[in-house]
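J.: Attaching a predicted model along with its sequence, questions to come.
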Amino acid sequence: MQVFPFIVVAWVLAVGLYGIVTSRHLIHQIVCLIVVQSSTYVLLLGIGYRRGAVAPYFSDIPVHTPAVDPVVQALALTDVVVEAAVTALLLSFAIQAHKRFGTLDPHELVQLKG
């Protein structure tokens, strides 16, 4: 098992979380959330990787040949689709907030407090 993908996951996650916490712009926060989500792709692919394994389709491959886990790859693909939907929803919220309040600074959106 290699450690490098998990170090990359921790670094990308830390960079994204730092951007979310320190940002004063909604669009920048959304982009940082995309970066955090990208760390999950690397995590899933790091978990499913097998050294010396072939792609998970089985045409003309000898029996007992190690293959990469196709379930993890399917989860990564699903993660991409979910991220696209969440990003579209958050961007539409940011557009509506800008139309209604004239700003994308989360600290100036005090009218949203209940």
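T.: Received, thanks.

J.: could you point out the longest helix in this structure?
T.: Counting residues, the longest helix found in the chain (DSSP state H) is helix 70-101.

J.: So for that helix, mean pLDDT?
T.: Per-residue pLDDT over helix 70-101 has a mean of 92.

J.: What is it packed up against?
T.: The helices and strands touching helix 70-101, judged by 3 or more CB pairs under 8 Å, 6 or more residues apart in numbering; DSSP states H and E, are helix 26-48. (Each C-beta comes from the backbone N, C-alpha and C, glycine too.)

J.: so what's the residue nearest the centre of the chain closest to, chain neighbours aside?
T.: By CA atoms, centre = their mean, the chain has its centre lying nearest to Gln37, at 1.6 Å. The shortest distance from Gln37 to any non-neighbouring residue, by CB to CB, 6 or more residues apart in numbering, is to Glu83 (4.6 Å).

J.: now the one you found: how far from Ile95?
T.: 18 Å (CB to CB, to the nearest Å).

J.: Between the two, which is the more surrounded one?
T.: Neighbours were counted for Glu83 and for Ile95 using other CB atoms under 10 Å; Glu83 has more, 17 against 13.

J.: coming back round to it: contact partners for the residue nearest to the centre of the chain?
T.: Going by CB atoms under 8 Å, 6 or more residues apart in numbering, Gln37 touches 16, 79, 83, 86.

J.: picking that back up, can you give me the angle the longest helix of the chain makes with helix 26-48?
T.: Orientation note: helix 70-101 sits at an angle of 170 degrees relative to helix 26-48 (axes from the mean of the first three to the mean of the last three CA atoms, to 10 degrees).
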